[in-house]
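Asker: Provided below are the primary sequence and the corresponding predicted coordinates.
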Amino acid sequence: MSEKYHNNFLKEVEEMVEEGEWVKMCMQCGVCAGSCPLGPHWAHPPQEIFMMIRAGKREEVLRSDSMWMCTSCYNCVVRCPRKLPITHIMHGLANYAHRLGLSPKNQPTQQFATLFWNNLAQTGRVNELKLSLGIYFKDGFAQGVKNAMAMQSVGLGMVKAKRLNPMELFGGHGVKDKTGFHAMLKKAKEIEDRRKNFA
Amino acid sequence: MADMKVAAYICQGCGLGDRLDTAALAGVAKKEGKAALVREHEFLCNAEGVKMIRDDIANEAVTHVMIGACSRRAKTEAFGFTDVAVSRANLREGVIWCQPETDEARETTQEMAEDYIRMGCAEVKKMTLPEGNPAAVTERSVLVVGGGVSGMTAALEASKAGYKVVLVEKFGALGGWAAKLHKRSPGKSPYAEPQDTPVADMDAAIAADTNIKVYLNAITSKTAGSPGQFEIEISTESGSTTTEKVGAIIQATGFSLYDANNLPELGYGKSANVVDQAGLEALAKAANGGVIKRPSDGGEVKTVVFVQCAGQRDDTGKHLPYCSGSCCSTSVKQAMYFKDANPDIDTVVIYTDLRMPGNGEDFYRSGQNKGVTFTKGKVSSVEAAGNQCKVNFHDLILNDQTAIDNADLVVLATGQVPNSGVDIDTKLKADIAAAAGDNSLLEAYNASQAEGAVQPISVLNLTYRQGPDVPQLKYGFTDSHFICFPYETRRTGIYSAGPVRRPMDMVQAMEDATGAAMKAIQAVENAGLGRAAHPRSGDLSFPKVRLEGCTQCKRCTVECPFGAIDEDEKRFPVFNESRCRRCGTCMGACPVRVISFENYSIDTVGSQLKAVDVPDEFSEKPRILILACENDAYPALDMAAMNRNVYSAYVRIIPVRCLGSVNTIWINDALSSGYDGVMMMGCKHGDDYQCHFVKGSELASYRMSKIGDTLKQMGLEEERVATFEVAITDIERVPQLINDYAAKIQEIGMSPLKGF
């Protein structure tokens, strides 16, 4: 339980979120909010998220979809007079919320990111065919067929131009030492979890 | 003067010889100007030309010199003869540079130049060489009233420059507000940590300084005299009085915190755990780096809330309307007291704008780094609940009506109220408002004077007829000429420094005190030489009065912006020369014209305007007189000419020391001798005035607003006299103003009073 305007949640963010120790340095000028191309699409601009963290609004922050809207354009980072790595903090917050299972369900960016990661982690290479099909079929079979039909001409065009290999559907290409690659990812996750006290 | 000998010199350099018929000008000087000696020179300001003039002064017994060359603002060194009276006819900036170089314009250009020669000759004949103040006395020591950081700095700086100092402090120890602090906000790089106050070091330095004499538990119970010869009566608490003679005074009486008892809605007085900034400093001093305890029960402090702008920046009229500019920094520092002792203590600063002047931004960042939480908000109320408080506020970033429920300590940043003494203008302002039909101020004043009401205590106890303290500007802060001369009050030789002048922090106060000490030294030295201190620094002339003509109307004593004129028992004016700034406002005020300066008088200007050749009604050549303030309007005109901005050839310009020195007789004389219009150009007046003499342009515009009747009596249109506000930067606008006015005069038609 975090108390209003007490530092409990701020401290949690500082410990658990990548670049979270920068949150206290925001001076609320709003340049980030004014610079963000996604301006009309989030509920809370970055500086407001930072203020909410300082005000101890833990649930509201972690359940928010605002940080998921970040497209990593880095406009805010370039312009921040206090040199906060805002993009990184946004991703850090999103990641932390996701790990806690608090992030909003069916948030498209989150779904895509999850698909992308799982796709990549299998073979060490992105399988674009499986990735696109995964996206098309995320809302059920009927919707997936509809989506695929809508994109049919683009897909066939890519096949013709040899930009898409239909055989990728069966396994596909990958790195040479898959066992080693998986061991590396496992080790990295262990280190990360240990650092952030995730069991 | 029997042995007056006038010599006129006409320069042919800078194109004057090509554009003007200088032989004809020489003829005018000889015939109409009655100059005994007239010479032309092709390059008057070079060594040879100046030597020629010097030789004439030495060998030909020349006493008055008229130089027809460039503006009086140019070549002041070459033509700076101190042993003769000098007038300058402005032929370069005033004629050839502001007139078109065409054949058609040649005639009017020449007429203009001839008039300026006539005016220069007429003026110089009425001038005498200023002798300086015969009553000049040099008492070189400086009195500093107030022994806080500002006062101590002023005393030490004056002493370092070699001047004796008398330091008077009301309380039993030096240090003032700073002595109450646990630590101060940082004054040097990297501006990250609170620092020790300089009080102990300065106290020791003063104790070791033989130049500084300290009176503790003492007040200045009487201040009489003028710069260079102030007599100060110092009374101590024990009842003894001493008299000290000093040359100048620095008032560094600082501020008091705004009384938090006026803020019951913020919980002050309702809970012992709501304190003002002084209260917190006392707690921190008691803890001395240890844990600060909750006042109500000595319990552990876990949460502290700082409420910024408590009773400040208030638009309801109940509290201080202004920002004190130092409390944000103080709150950051105080939050650090807690964070440095224990980083787990929650400190929240609820601010309006977080104003951190100077290098305060670094200090703010340091506070954030230590985990102080800053939130922009407006506190509506503080409720006491047991040993804790609930702070209700509107978070303006999140637009959230919210509260901090369990604050152990609430600190109110209440801001600075100047210790400036008695507001001598209250009654005056009330009287003016009452005259205009608004009695509210007068009623408030009378109520404040009722028996038993607490009266403000005078700081200086001046014996001036204008009141016991220096005038106040806004919100009770002492007077200062905020644009040009920040430390100068309207009482010459008395300077104010530190938070009594405007709200400020310690860094600024120390800078301020150093500046004021330098100004005080300047005043002392000038007073000793019988010269004006500022802004006419070095001026040796001072007002002379023909008392036998005086009607005791008191206008000069009332209107003098600087309190330089007292009254004797018979209500005759008594001039205090070294308090005078030589603006001539008294000369402009005097209805019987008995006040004058040796080199600037009713006659020097009056004879100039009468010397101008006014063509008859049918010539289609109007004449417009311009009386231009020599501080702003005249330089603007000169600079306009340097840029070859052309203006009407029908104007004749006379520089005046200040529009306040313009006597209405000049307007009368000008109009009755056939001028078609009179333009007056002075500085901006009002609350954000730019007048060098504070009230001069305001008084002038007031006087001129009354001139309508006179014009009607003379059968003239009101537009024939017009006042304009001109800034020194108006080099495009001034020629336009002149041309527009000239066009208007053409429209109205020529004055019917020509040729009488």
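Answerer: Right, received. Where do you want to start?
Asker: residue 108: neighbouring residues, count only.
Answerer: Picking chain A for this. By the measure other CB atoms under 10 Å in any protein chain shown, the count of residues near residue A:108 is 11. Heads up, the C-betas are built off the backbone N, CA and C, glycines and all.
Asker: meant chain B actually
Answerer: Residue B:108 has 16 nearby residues by other CB under 10 Å.
Asker: just residue A:52 next, same as before
Answerer: Residue A:52: 21 neighbours (other CB under 10 Å).
Asker: so what's it closest to, chain neighbours aside?
Answerer: Leaving out its chain neighbours, the residue that sits closest to residue A:52 by CB to CB, 6 or more residues apart in numbering or on different chains is residue A:61, at 5.1 Å.
Asker: what are the phi and psi angles of residue B:345?
Answerer: phi -70, psi 130 (degrees, to the nearest 10).
Asker: how about it, what does it touch?
Answerer: Residue B:345 makes contact with B:301-304, B:338-339 under the criterion CB atoms under 8 Å, 6 or more residues apart in numbering or on different chains.
Asker: could I get those residues as CSV with distance to residue A:172?
Answerer: Listed next are these as CSV, based on distance: CB to CB, whole Å:
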residue, distance to residue A:172
B:301, 63
B:302, 58
B:303, 58
B:304, 61
B:338, 60
B:339, 56
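Asker: just checking, what packs against the longest helix along chain A?
Answerer: Longest among the helix segments of chain A by residue count, using DSSP state H, is helix A:178-195. Helices and strands touching helix A:178-195, by 3 or more CB pairs under 8 Å, 6 or more residues apart in numbering or on different chains; DSSP states H and E, are helix A:108-123.
Asker: what is the distance between the helix it packs on and the centre of its chain?
Answerer: 10 Å (CA atoms, centre = their mean, to the nearest Å).
Asker: how about it as CSV, C-alpha atoms only?
Answerer: The C-alpha coordinates for helix A:108-123 follow below in CSV (Å, rounded to 0.1, in the frame of the first residue of the first chain):
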residue,chain,number,x,y,z
PRO,A,108,-2.1,-3.8,-28.9
THR,A,109,1.4,-2.6,-28.3
GLN,A,110,1.8,-5.1,-25.5
GLN,A,111,0.3,-7.9,-27.6
PHE,A,112,2.6,-7.2,-30.4
ALA,A,113,5.7,-6.9,-28.2
THR,A,114,4.9,-10.2,-26.5
LEU,A,115,4.4,-11.9,-29.9
PHE,A,116,7.6,-10.4,-31.2
TRP,A,117,9.6,-11.5,-28.2
ASN,A,118,8.3,-15.1,-28.2
ASN,A,119,8.8,-15.3,-32.0
LEU,A,120,12.4,-14.1,-31.7
ALA,A,121,13.3,-16.1,-28.6
GLN,A,122,12.4,-19.4,-30.4
THR,A,123,15.1,-19.5,-33.1
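Asker: any idea of the mean pLDDT for the helix or strand following it?
Answerer: The helix or strand immediately downstream of helix A:108-123 is helix A:128-136, counting by DSSP states H and E. Helix A:128-136 shows a mean pLDDT of 90.
Asker: can you count the residues close to the nearest residue to residue B:3 once chain neighbours are set aside?
Answerer: In this structure, residue B:3 finds its nearest non-sequential neighbour in residue B:63, 6.7 Å apart by CB to CB, 6+ apart. Counted with other CB under 10 Å, residues neighbouring residue B:63 total 19.
Asker: how about low-confidence regions in the chain?
Answerer: Because you didn't say which chain, this covers chain A. The model of chain A has pLDDT under 70 over residues A:1-2, A:198-199.
Asker: if you could check chain B rather than the one you did, that'd help
Answerer: Those would be B:1-2, B:432, B:435-436, B:452-453, B:756, if you go by pLDDT under 70 across chain B.
Asker: would you mind splitting it into its domains for me?
Answerer: Per the record, chain B has its domains at B:1-129, B:142-254+B:457-528, B:258-415, B:423-453, B:544-596, B:614-756, by automatic domain parsing.
Asker: the fourth one: which residues count as buried?
Answerer: Taking 16 or more other CB atoms under 10 Å in any protein chain shown as the neighbour-count basis, domain B:423-453 is seen to contain the buried residues B:423-424, B:426-427, B:430, B:441-442, B:445.
Asker: residues from chain A in reach of chain B?
Answerer: Within chain A, the residues that sit near chain B (CB under 8 Å from any CB of the partner chain) are A:3-7, A:10, A:24-25, A:27-28, A:47-48, A:51-52, A:54-55, A:57, A:82.
Asker: filter the residues you listed down to the buried ones, ChimeraX style.
Answerer: Buried subset of the residues of chain A next to chain B, written as a ChimeraX selection, criterion 16+ other CB under 10 Å:
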select /A:4,5,6,7,10,24,27,28,47,48,51,52,54,55,57
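Asker: count of neighbours near residue 192?
Answerer: You didn't say which chain, so I picked chain A. Residue A:192 has 13 neighbours, counted by other CB under 10 Å.
Asker: you answered for a different chain; I wanted chain B.
Answerer: Neighbours around residue B:192, by other CB under 10 Å: 14.
Asker: so which of the contacts of residue B:345 are in helices?
Answerer: Per DSSP H, those map to helices at B:338-339.
Asker: of the contacts of residue B:345, closest to chain A?
Answerer: Of all the contacts of residue B:345, chain A sits closest to residue B:303, with 6.9 Å by CB to the nearest CB.
Asker: return the host helix or strand of residue B:201 as PDB; C-alpha atoms alone will do.
Answerer: Per DSSP H and E, residue B:201 falls inside helix B:199-208. What follows is helix B:199-208, C-alpha atoms only, in PDB (Å, rounded to 0.1, in the frame of the first residue of the first chain):
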ATOM      1  CA  VAL B 199      27.300  36.000  10.800                       C
ATOM      2  CA  ALA B 200      30.100  34.700  13.000                       C
ATOM      3  CA  ASP B 201      32.800  35.700  10.600                       C
ATOM      4  CA  MET B 202      31.400  39.100   9.900                       C
ATOM      5  CA  ASP B 203      30.800  39.700  13.600                       C
ATOM      6  CA  ALA B 204      34.400  38.900  14.300                       C
ATOM      7  CA  ALA B 205      35.600  41.100  11.400                       C
ATOM      8  CA  ILE B 206      33.600  44.000  12.700                       C
ATOM      9  CA  ALA B 207      34.800  43.600  16.200                       C
ATOM     10  CA  ALA B 208      38.400  43.600  14.900                       C
END
